[in-house]
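Undergrad: no sequence on hand, only this structure:
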């Protein structure tokens, strides 16, 4: 039996519209779909709510393409591994950004997925 998770996914879609860090919960949503805890159509529910929350900014004059790509543009704004934040990358000053970026994304995805599966 598939559970009714619309309220939680609605809240998730709202958080995704306001904070890009909400994307870190996406592995949990994917595992919910894989384990048949929610229907695949609920993923589209997240997209519909997210798009609906873009409408006021679009009506205020922001280009729709900019609204869809705002988080991608923010992620590509700085080409450094750390901006003086205390993390592991401070041990590698002047290191290759593209190498560590890809490796850290893959590592983070594996860790998040393994935590979700457990």
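TA: Ah, there it is. Computed from a predicted model, the values in this text were never measured in an experiment. Numbering: from 1, shown residues only.
Undergrad: tell me which residue is most central in this structure.
TA: residue 23 (2.0 Å; CA atoms, centre = their mean).
Undergrad: spatially nearest residue to it (excluding sequence neighbours)?
TA: Spatially, and ignoring its direct neighbours in sequence, residue 23 is nearest to residue 16 (6.7 Å; CB to CB, 6 or more residues apart in numbering). Heads up, the C-betas are built off the backbone N, CA and C, glycines and all.
Undergrad: list the contacts for that neighbour?
TA: 22-23, 46, 50 (CB atoms under 8 Å, 6 or more residues apart in numbering).
Undergrad: from residue 7, how far out is it?
TA: In this view, residue 16 and residue 7 are 15 Å apart by CB to CB, to the nearest Å.
Undergrad: confidence-wise, which helix or strand of this structure is lowest on average?
TA: helix 97-117 (a mean of 78; mean pLDDT, DSSP states H and E).
Undergrad: quick one, helices of the protein?
TA: Ranges of helices within the chain are 6-18, 26-34, 41-59, 64-68, 70-75, 97-117, based on DSSP state H.
Undergrad: just the angle between the second one and helix 41-59, please?
TA: The reference is to helix 26-34. Counting by axes from the mean of the first three to the mean of the last three CA atoms, to 10 degrees, helix 26-34 lies at 140 degrees to helix 41-59.
Undergrad: the first one too?
TA: Here helix 6-18 points in a direction 40 degrees away from that of helix 41-59 (the same axes, to 10 degrees).
Undergrad: next, the buried residues of helix 6-18.
TA: 9, 12-14, 16-17 (16 or more other CB atoms under 10 Å).
Undergrad: likewise for the shortest one?
TA: Residues of helix 64-68 classed as buried by neighbour count (16+ other CB under 10 Å): none.
Undergrad: what residues does that helix touch?
TA: Defining contact as CB under 8 Å, 6+ apart, one finds that helix 64-68 is touched by 54, 57-58, 73.
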